[in-house]
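Asks: Structure, please.
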Amino acid sequence: MKLVFLGAAHEVTGSCTYIEACGKKFLVDFGMEQGINYFENEKVPCPPSSIDFVLLTHAHIDHSGLLPLLYAGGFSGQIHSTKATANLCSIMLRDSAHIQEFEAEWRSRKGRRKGGGDVEPLYTMADAEGAIACFVPHDYDEQIDICPGIKVRYTDAGHLLGSSSIELWLTEEDQTRKLLFSGDIGNHKQPLIRDPQYVDTADYVIMEATYGNRRHDPPKDYVQAFAQIIQTTFDRGGNVVIPSFAVGRTQELLYFLRQIKAQGLVRNHAGFPVYVDSPLAIEATRIFIENKDSCFDEEAMSFVNRGINPITFDDLNLATTSDESRAINFDNTPKIIISASGMCEAGRIKHHLKHNLWKPENTVLFVGYQALNTLGRSLVEGAKTVKLFGEEISVKAQILVLAGISGHADVDGLNGWISSVKGVKKVFVNHSEASVADEFTAHLKKDFGLEAYAPYSGGVLNILTGEFTNAAPIPVEKKSKGFSPGYQRLVASLERLTALVNRSSGLTNKELAKMTDTLNNLCSKWED
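Replies: Residues are numbered from 1 along each chain as shown. The predicted model follows:
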């Protein structure tokens, strides 16, 4: 039995862990990297067609976003998740595919004007649909027999609707080892969803540490602080533009805004409009309501039980079409605009920033983590100008960060979570910036007496013996632009073909000759 760390190793995004056990090969998460990659990541050490199944912690794209690429490469197994995660992935993976296709078409048009060729998307809508069809949903706290020797249980991680920590039991030759994957550990007392649930035992723990060296400093009253920002901005005639993750963060904001309106906390601007400009966020809001019984906390359910939808209110406007989105910026009424993406790297938020950043009466309010080298991080760190759609935009709007709404546990929350787990032989820290991973690992050693490691991509754990061999970090060359999405798909196809050839030894000579002729003809076509 072995485990190989692949993604989110000394980095925040791109979660992926590979495991071989009980005659099976499987992944825990297969996420997309967001922002700049600082270290080279090892590839999954087998073709996608050889992966038997995937265990998914939650729906965020940095944990699930490469599942369509896995399907495109020949994966045909099952993807196990909670029911709410399966529901969210059904819209999020389609949305991701739409972005891939849209950006590939945009780059293709741009390239053709310069005499270049077309750009292929990383994956297509058909690939996303294929991956979605592989999902097998489960309830929280249900022990699942995946196959002989492998059992799984999903525990509420309190990070996002449907998010989970994964307890994994592996048994070979009468020896059992229990692995615990934290997923993203949620912050306590978040609106709508329940607090993270603790797990009592594990042999090996793989835990995130996004905020492993920081403590959240929430305002004494988040609703009051939010209302004051709205009041101040509206009084000077401006808009409040909020880059927000479509799933999770947007629904929390709606929850707070309903309270602000119900309590009349913004004065002299009665009936102020709120726009949610994200088709994905609109769909996600519907899924939140559908999964209320299994995921909402007591406070949210108290509204539901009184017949109140806790995430809707009067003057809430949902923009689904492009025309509706464009019209928002031609209305001079002070308003709140909530739009994705949360780090300003894609989506409609970039258009709203183009229209609002250069006006000093406006406020751009950040309510979530901004990864290194994202547009959001640049604005938070004081950029004076930014480039949007090829145009330099002056940053005159007030840039604010409203602390305390993070969906991630801070260092105290992480400490509480790991303290609950007994019998731990080793802890592996991932999903954090490199310096944070090293700092939190040192903290676990010094203050908890745990044998802790911060693996690099390619690090290997022998699950039976506990022997861990870390890999040497390989920094990404700064000038390297990496391979295009089309080339990555081509490499994935080659791996699939190689696996097919390796399995063909039992074919008849006639069948082998036919396959050989087909491949030679294909080579001849592209060599001409």
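
Asks: what comes up buried for the helix or strand where residue 437 lies?
Replies: According to DSSP states H and E, residue 437 maps onto helix 434-448. Across helix 434-448, burial judged by 16 or more other Cβ atoms under 10 Å covers 434, 436, 437, 438, 439, 440, 441, 443, 444. Yep, even glycine has a C-beta here, placed from its N, CA and C like the rest.

Asks: Tell me the helix or strand right after that helix.
Replies: Following helix 434-448 toward the C-terminus (DSSP H and E): strand 452-453.

Asks: tell me which strands and helices the helix or strand following that following strand is in contact with?
Replies: Next helix or strand after strand 452-453 toward the C-terminus (DSSP H and E): strand 460-462. Contacts defined by 3 or more Cβ pairs under 8 Å, 6 or more residues apart in numbering; DSSP states H and E place strand 460-462 against strand 2-7, strand 468-469.

Asks: what separates strand 460-462 from the chain centre, distance-wise?
Replies: Relative to its chain's centre, strand 460-462 lies at 25 Å (Cα atoms, centre = their mean, to the nearest Å).

Asks: List the buried residues for it?
Replies: Quick answer for strand 460-462 (16+ other Cβ under 10 Å): 460, 461.

Asks: just so I have it, where are all the helices in the stretch 101-250 of the chain?
Replies: 125-132, 222-235, 249-262 (DSSP state H, counting those that start in this stretch).

Asks: of all these, which lies closest to residue 383?
Replies: helix 222-235 (20.0 Å; Cβ to Cβ).

Asks: Report the secondary structure state of the closest residue to residue 453 other than its chain neighbours.
Replies: Leaving aside its sequence neighbours, residue 453 sits nearest to residue 428 (Cβ to Cβ, 6 or more residues apart in numbering; 5.3 Å). Here residue 428 is strand, with the state taken from DSSP: H, G, I helix; E, B strand; the rest coil.

Asks: Run through the bridge partners of residue 428.
Replies: As for beta bridges, residue 428 partners with residue 206, residue 453 under DSSP bridges.

Asks: wait, doesn't it sit right on residue 5?
Replies: Yes: counting by Cβ atoms under 8 Å, residue 428 touches residue 5, with 7.0 Å between them.

Asks: Those two: which is more packed in?
Replies: residue 5 (27 against 24; other Cβ atoms under 10 Å).

Asks: what's the pLDDT at the more buried one?
Replies: Residue 5 carries a pLDDT value of 98.

Asks: Would you check how far apart it and residue 177 are?
Replies: Distance, residue 5 to residue 177, by Cβ to Cβ, to the nearest Å: 16 Å.

Asks: With residue 335 instead?
Replies: In this view, residue 335 and residue 177 are 55 Å apart by Cβ to Cβ.

Asks: Within the helices and strands, which one has residue 76?
Replies: Per DSSP H and E: residue 76 is located in neither a helix nor a strand.

Asks: looking at it, it is touching residue 133, isn't it?
Replies: No: under the criterion of Cβ under 8 Å, residue 76 is not in contact with residue 133, lying 9.8 Å apart.

Asks: if we can go back for a sec, roughly how far is the helix holding residue 437 from the heart of the chain?
Replies: Taking the mean of its C-alpha atoms, helix 434-448 sits 24 Å from the chain's own mean (Cα atoms, centre = their mean).

Asks: Next, the angle from that helix to strand 426-430.
Replies: Interaxial angle of helix 434-448 relative to strand 426-430 (axes from the mean of the first three to the mean of the last three Cα atoms, to 10 degrees): 150 degrees.
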